[in-house]
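J.: sequence first, then the predicted structure:
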Amino acid sequence: MPTPGLDGYAPAWLEPEHEALAELARSFFVNEVLPHAARHEQQGHPDREHYRAAGKLGLLGLSVPEQYGGGGGDFTHEAVLLHEQMACGEGSLGLAVHSGIVTGYLVAYGNDDQKRRWLPGLCSGDLVGAIGMTEPGGGSDLQEIRTRAVRDGDDYLVSGSKTFITNGGLADLLILAVKTDPSQRAAGISLLVCELGDDRPGFRRGRLLEKIGLHANDTAELFFDDFRVPAANLLETEGSGFFQMMRQLPQERLVIGVGAVAAMQRAVELSTAYAKERTAFGKPLIGHQNTRMVLADCATRTRVSRVFLDDCITRHTKGELDVATAAMAKAWLTEGQCEVVDRCLQIFGGYGYTTEYPIARMYADARVQKIYGGTNEIMKELIARAL
Ligand SMILES: Cc1cc2nc3c(=O)[nH]c(=O)nc-3n(C[C@H](O)[C@H](O)[C@H](O)COP(=O)(O)OP(=O)(O)OC[C@H]3O[C@@H](n4cnc5c(N)ncnc54)[C@H](O)[C@@H]3O)c2cc1C
């Protein structure tokens, strides 16, 4: 279905191969994953099998070099995949983290041996990836993390806990932010790649967190108590973790922005279609001036958002996306998402408040976009610092 207000628009980076990828991704989400949506929501996580099915189709690791099992593309390919997932309302597979973030860390900071060990499994879907930064004591002030890694021979012994970890229920591979030198703030942080397993001594998954939205995706607490991680799993050097995260966060924020724009597009599509078919006072809702004005505002906001996002994607693929612009994208696009989805929900009247209508889920799912990936308040701090 074309998005009202976006007819004829195509991003400057779009090539025919992106369109073929979009079609493949859409068909996978709609035909293979969405039929299981109710069960995924009930169990609180996707089926592991769906990661493998995505891997078989070549949908995982699109930006990972082919020599490590990936698609050899770039961020534009990941953006197409994530857009299609969100645009059709599939929310169980944590691809934004698995492909949009975890593989990016390994490609950027892994040595050849580390890349060979983990990237093929992430690309085939045999491994599910996660990233653990946030701790119960706080997520915004990353320099204050407490999870400790102490060197013990050829290993590190890790103790501490992480919370709100996307894919945390299924994850096999976790990029874990730890303090290797607690006397330092940023300079004491390192990244360890942890191979998780429910039978591994010193590691325990907590419960799946009950959230107001994103019910089909597993968000979990993870606990470590003298959990042994080989020193060979350190990404680059001790003390470089904070700077590695700062370099990757612009991409994480763009990933969130891609989801925000896809959700805005879907909200405008759904509510325009509804406004054409539902009648009140003897005419379709779209015949009432207020409905027309609301939809016009939402379509305009969506189009402007899309153009800004595409500019950020172009900059990012050239290695030119700066921290402040990525923060602008994350904050402005997610605020737009929440506003557009809320206004579109209103057009559905009471039906918009029932979970039978996708717009209701989109409303609940949207809220967290202003919180994770760095809260929007922190985004504004980053923008302000650049002024
Ligand atoms: C569904 C979900 C999935 C998530 N997935 C992951 C994941 O995969 N990996 C991961 O590591 N984390 C994940 N998170 C955690 C998320 O990134 C954090 O919740 C977020 O960074 C905020 O941290 P916090 O919750 O500790 O809030 P706090 O840091 O306690 O902040 C509380 C409030 O204070 C405000 N605040 C804090 N500092 C300032 C300041 N300097 N100026 C102004 N206001 C400020 C914040 O903006 C916020 O409004 C996820 C969270 C959720 C809900």
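T.: On my side now, so go ahead. Residues are numbered from 1 along each chain as shown.
J.: how about the nearest residue to the most centrally placed residue in the chain, chain neighbours excluded?
T.: For the chain, the residue sitting closest to the mean C-alpha position, by CA atoms, centre = their mean, is A96 at 3.1 Å. Spatial nearest neighbour of A96, chain neighbours left out: V255 (4.9 Å); criterion: CB to CB, 6 or more residues apart in numbering. Backbone N, C-alpha and C define where each C-beta goes, glycine included.
J.: by proximity to the ligand, which residue of this protein wins?
T.: The ligand sits closest to G139 of the chain, with a gap of 2.4 Å, by CB to the nearest ligand atom.
J.: what about that residue, distance to G373?
T.: Distance of G139 to G373, given as CB to CB, to the nearest Å: 10 Å.
J.: near the ligand, which residues of the stretch 1-150 of the chain show up?
T.: Listed as neighbours of the ligand in the stretch 1-150 of the chain under the rule CB under 6 Å from any ligand atom: V97, I131, G132, M133, T134, G138, G139, S140.
J.: if you set the cut-off to 8 Å instead, what comes out?
T.: By CB under 8 Å from any ligand atom, the part of the stretch 1-150 of the chain that sits against the ligand consists of 94, 97, 101, 130-135, 137-141.
J.: give me the buried positions along stretch 74-87.
T.: Residues 75-87 are the ones in stretch 74-87 that count as buried (16 or more other CB atoms under 10 Å).
J.: which one of these is nearest to F242?
T.: Using CB to CB, F75 comes nearest to F242 of the buried residues of stretch 74-87, at 22.6 Å.
J.: residues near G239, how many?
T.: For G239, the neighbour count with other CB atoms under 10 Å is 16.
J.: and for H215?
T.: H215 is flanked by 22 other residues according to other CB under 10 Å.
J.: could you do the one 4 residues further on as well?
T.: Applying other CB under 10 Å, we find 23 residues neighbouring T219.
J.: any weak-confidence spans in the chain?
T.: The chain contains residues with pLDDT under 70 at 1-2.
J.: any chance you could list what contacts stretch 338-346?
T.: Stretch 338-346 has contacts (CB atoms under 8 Å, 6 or more residues apart in numbering) with 263-264, 267-268, 270-271, 294, 297-298, 301-302, 352-353, 359-360, 362-363, 366-367, 369-370.
J.: okay, that stretch in CSV with CA atoms only?
T.: Output of stretch 338-346 as CSV, limited to C-alpha atoms (Å, rounded to 0.1, in the frame of the first residue of the first chain):
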residue,chain,number,x,y,z
CYS,A,338,4.6,9.0,19.3
GLU,A,339,2.7,12.1,18.2
VAL,A,340,1.6,10.7,14.8
VAL,A,341,0.6,7.3,16.2
ASP,A,342,-1.4,9.0,19.0
ARG,A,343,-3.2,11.3,16.6
CYS,A,344,-3.9,8.5,14.1
LEU,A,345,-5.3,6.3,17.0
GLN,A,346,-7.8,9.1,17.7
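J.: close to the ligand, is it?
T.: No - if you take CB under 8 Å from any ligand atom as the test, stretch 338-346 misses the ligand, and the best it gets is 14.2 Å.
J.: mind checking the SS state of the residue nearest to A96?
T.: helix (DSSP: H, G, I helix; E, B strand; the rest coil).
J.: surely it meets L81?
T.: No - using CB atoms under 8 Å, V255 makes no contact with L81, being 10.4 Å away.
J.: how distant is the helix or strand hosting V294 from the center of its chain?
T.: Assigned by DSSP states H and E, V294 belongs to helix 289-317. The chain centroid and the centroid of helix 289-317 are separated by 20 Å under CA atoms, centre = their mean, to the nearest Å.
J.: run through the neighbouring helices and strands of that helix.
T.: When contacts are defined as 3 or more CB pairs under 8 Å, 6 or more residues apart in numbering; DSSP states H and E, helix 289-317 sits against helix 75-87, helix 241-277, helix 323-347.
J.: any idea how far the most far-flung residue of the chain relative to its centre lies from P358?
T.: Here the chain reaches farthest from its C-alpha mean at G282, the gap being 43.3 Å by CA atoms, centre = their mean. The gap separating G282 from P358 is 28 Å, by CB to CB.
J.: which parts of the protein are helices?
T.: Under the criterion DSSP state H, the chain contains helices at 16-27, 37-43, 48-56, 75-87, 95-97, 103-109, 112-124, 241-277, 289-317, 323-347, 358-366, 376-385.
J.: could you dump those to JSON lines with distance to N233?
T.: As requested, these are arranged in JSON lines below (distance: least, CB to CB, whole Å):
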{"stretch": "helix 16-27", "distance to N233": "31"}
{"stretch": "helix 37-43", "distance to N233": "30"}
{"stretch": "helix 48-56", "distance to N233": "22"}
{"stretch": "helix 75-87", "distance to N233": "24"}
{"stretch": "helix 95-97", "distance to N233": "19"}
{"stretch": "helix 103-109", "distance to N233": "11"}
{"stretch": "helix 112-124", "distance to N233": "7"}
{"stretch": "helix 241-277", "distance to N233": "13"}
{"stretch": "helix 289-317", "distance to N233": "28"}
{"stretch": "helix 323-347", "distance to N233": "28"}
{"stretch": "helix 358-366", "distance to N233": "33"}
{"stretch": "helix 376-385", "distance to N233": "29"}
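J.: to A232, which of the ones you listed lies closest?
T.: Minimum separation from A232 across the helices of the chain (CB to CB) falls at helix 112-124, 7.5 Å.
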